[in-house]
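Engineer: here is my input, please return the structure:
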Amino acid sequence: MALLELKNVTKYYNNATPALSEVSFEVREGEFVSVIGPSGAGKSTLLRCINRMIEVSGGEIYFDGVIASKLRKRDLRKLRTKIGMIFQHYNLVDRLTVLENVLHGRLGYKSTLAGVLGRYSEEEKKQALEIIKLLGLTDQVYKRCDQLSGGQKQRVGIARALVQNPKMILCDEPIASLDPNASKIIMDHLRNISREMGITLVVNLHQFNVALKYSDRIIGVNKGMVVFDGAPEDLSAEQISDIYGSESGDLIIEPGEKNAS
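Structural biologist: Sure, this is the predicted structure:
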């Protein structure tokens with residue numbers, strides 16, 4: 001059964017070229033889906049439409065049995081507790097500690113006053129600390145986030161998403177600002193979250209070789225349209241060219257990249 005379904009989703013920022021054009025696909029529970037494509041293809045717009053950070057211009061988005069694109073304030077707030085979000089530039093409060101930033105993932109469950117006052121239960125704090133340990137950040141738990149490396153900050157972002165107890169996590173270019181070693185650590189954590197926790201992941205990636213290694217499924221986007229939707233092993237050089245256009249000349253599939261563990 002599909003957890004997420006997009007039907008003919010279109011997004012205009014003006015009356016000219018659409019950022020998304022008639023985008024339709026389904027994502028099953030527990031699936032790890034990578035969305036790949038060149039810069040400006042519409043990947044970030046797509047993720048932000050799914051969780052209603054921006055509104056669609058046309059079409060429908062269904063999530064967990066409801067029409068997400070038509071929900072009002074209270075119901076939308078409830079829906080967002082089920083959808084975690086991880087950002088390229090972390091979106092953390094640098095002056096706060098790792099633990100405080102992670103607990104912000106619980107704000108969707110709080111009244112405005114409780115959120116402002118930072119009122120969290122002992123159970124919430126215990127869960128946050130367990131997730132922080134899982135992500136290898138125990139030694140940093142009381143450090144301010146402006147004292148962390150980029151890879152550590154992104155792990156804090158993952159922990160903040162996990163403490164929501166989400167059904168799905170959207171990741172917008174989670175490794176674009178990281179070096180190769182930190183990128184591998186982040187992608188390994190995301191794969192474990194998918195496999196061991198059964199959480200659905202939709203991950204925007206510019207690097208198709210990373211998508212080949214980690215994904216159950218790849219969706220290729222170019223100029224706001226889906227030009228590929230299939231298994232990593234089905235992605236051919238010709239289809240890579242369709243996805244990346246003029247950028248594809250610099251992209252080479254290395255031996256062993258497909259289906260790498």
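Engineer: quick one: low-confidence residue ranges for the stretch 1-150 of the chain.
Structural biologist: For the stretch 1-150 of the chain, applying pLDDT under 70 flags the ranges 15, 112-116.
Engineer: which residues of it fall in strands?
Structural biologist: Taking DSSP state E, counting those that start in this stretch, the strands of the stretch 1-150 of the chain run over residues 2-11, 20-28, 32-36, 58-63, 66-67, 83-86.
Engineer: looking at those, which is closest to Met225?
Structural biologist: strand 20-28 (5.1 Å; CB to CB). Placement of C-beta: from N, CA and C, glycine included.
Engineer: contacts for the closest one, please.
Structural biologist: By CB atoms under 8 Å, 6 or more residues apart in numbering, the surrounding residues in contact with strand 20-28 are 1-11, 33, 42, 45-46, 49, 56, 59, 168, 200, 202, 219, 221, 223-226, 229.
Engineer: quick one on the thing from earlier: tabulate the strands of the stretch 1-150 of the chain (CSV), appending mean neighbour count and distance to Gln152.
Structural biologist: Shown next, in CSV, are the strands of the stretch 1-150 of the chain (neighbours: other CB atoms under 10 Å; distance: least, CB to CB, whole Å):
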stretch, mean neighbour count, distance to Gln152
strand 2-11, 19, 30
strand 20-28, 18, 29
strand 32-36, 25, 23
strand 58-63, 18, 31
strand 66-67, 12, 36
strand 83-86, 24, 14
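Engineer: reformat these as CSV; add distance to Ser177.
Structural biologist: Below are those laid out as CSV (distance: least, CB to CB, whole Å):
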stretch, distance to Ser177
strand 2-11, 25
strand 20-28, 24
strand 32-36, 17
strand 58-63, 28
strand 66-67, 34
strand 83-86, 12
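Engineer: which stretch among those comes nearest His104?
Structural biologist: Within these, the stretch nearest His104 is strand 83-86; the backing value is 11.6 Å (CB to CB).
Engineer: what pairs with the closest one, parallel or antiparallel?
Structural biologist: Next to strand 83-86 in the sheet, as set by DSSP bridges, lie strand 168-172 (parallel).
Engineer: check which residues of stretch 110-126 are buried.
Structural biologist: Lys110, Tyr120, Glu124 (16 or more other CB atoms under 10 Å).
Engineer: and the closest residue to the first one other than its chain neighbours, how close does it get to Leu103?
Structural biologist: With sequence-adjacent residues excluded and distances taken as CB to CB, 6 or more residues apart in numbering, Lys110 is closest to Arg119, at 7.2 Å. Note on Arg119: its distance to Leu103, by CB to CB, to the nearest Å, is 10 Å.
Engineer: what about Lys194, neighbour count?
Structural biologist: You called it Lys, but residue 194 is Ser. Ser194: 21 surrounding residues under other CB atoms under 10 Å.
Engineer: what's the closest non-adjacent residue to it?
Structural biologist: Going by CB to CB, 6+ apart, Ser194 has Phe32 as its nearest residue, at 4.3 Å.
Engineer: surely that neighbour meets Lys213?
Structural biologist: No. At 10.9 Å, Phe32 does not count as touching Lys213 under the criterion of CB atoms under 8 Å.
Engineer: anything in contact with each of these two?
Structural biologist: Common neighbours of Phe32 and Lys213 (CB under 8 Å, 6+ apart) do not exist.
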